[in-house]
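Colleague: Any chance you could fold what I've pasted below:
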Amino acid sequence: MKQFAVAIAIALTLSACQTPENHWQNALNAGWVAAVSAQTARTEAEWKTVVAQWSAAIAELKQVPENSNEYAQVQAKVEEYEANRGAANQHMLQARTTQPESIDASEDPTKRLAAFRASLSTIGPDSAIVADVSYMEADDKRRTILIEVNDEWLSHSKSVRLRNATKLQQIWALHRDPESLDRAYIKIESATGQHVGGSRAIDGSIIWVED
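Modeller: Purely as a prediction, here's the structure:
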């Protein structure tokens, strides 16, 4: 699946950065990726990817030398990340026998939209940025959803907006087509109709936000 390719790319990128002082930041970056993936993981394959991502982060932490200024923090992070990996592994095992019900292509699309709205709480307090969600009628084939955000969206930094937009796309992908995450497209607009982010045309999972 595409997520496995993402995990491999992350591992290759991290392994390419062998400078000791980079291992700490590499580990934090990999941990952030794993945490984001865990927000929307549901299937065994998705949880397996999360486990691999936590393992990559732990491997980076263990490369930090003992004489590093961050070494004390590293030891605490190793424990934290190993606990997170253990929890992800448990979710993976549970998913083997409790897979989420797949959505049939003939199912009423309004049910998918309702399920998406119900899942917004998984992104935490930031879910309040979503004012409305609807289908783009002119884009019926892709089933792109139009997400209207409120003024709070604009008050966040670009990195926070990109993180939230990525989460929104991942949540929609789980309801749109869990087996083809790149086919789930979103378009994000402000209350005034300004296009402020969403999916790239080439791939639904490639997300951008306005500077």
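Colleague: List the buried residues in the longest helix seen in the chain.
Modeller: Criterion DSSP state H: the longest helix present in the chain is helix 71-97. For helix 71-97, the neighbour count (16 or more other C-beta atoms under 10 Å) marks 74, 77, 78, 81, 84, 85, 88, 89, 91, 92, 95 as buried. (Each C-beta comes from the backbone N, C-alpha and C, glycine too.)
Colleague: mind putting those residues in CSV, pLDDT included?
Modeller: Formatted as CSV, the buried residues of helix 71-97 follow (pLDDT from 0 to 100):
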residue, pLDDT
74, 88
77, 89
78, 90
81, 91
84, 90
85, 90
88, 89
89, 87
91, 84
92, 84
95, 77
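Colleague: In terms of helix, strand or coil, where does the closest residue to residue 26 other than its chain neighbours fall?
Modeller: Distance criterion C-beta to C-beta, 6 or more residues apart in numbering; nearest residue to residue 26, sequence neighbours excluded, is residue 60 at 4.5 Å. Assigned by DSSP: H, G, I helix; E, B strand; the rest coil, the conformation of residue 60 is helix.
Colleague: what's residue 93 in contact with, if anything?
Modeller: Under the criterion of C-beta atoms under 8 Å, 6 or more residues apart in numbering, residue 93 has no neighbours.
Colleague: mind listing the helices for the protein?
Modeller: For the chain, helices defined by DSSP H occupy the ranges 2-16, 20-40, 44-61, 71-97, 109-119, 151-155, 158-176.
Colleague: what's residue 182 in contact with, if anything?
Modeller: 2, 203, 204, 205, 206.
Colleague: same question, residue 154
Modeller: Contacts of residue 154 (C-beta under 8 Å, 6+ apart): 190, 196.
Colleague: Against residue 189, how distant is it?
Modeller: From residue 154 across to residue 189, the span is 12 Å (C-beta to C-beta, to the nearest Å).
Colleague: now do residue 22
Modeller: For residue 22, the distance to residue 189 - C-beta to C-beta - is 38 Å.
Colleague: and if you look at residue 59?
Modeller: From residue 59 to residue 189 the distance is 41 Å (C-beta to C-beta).
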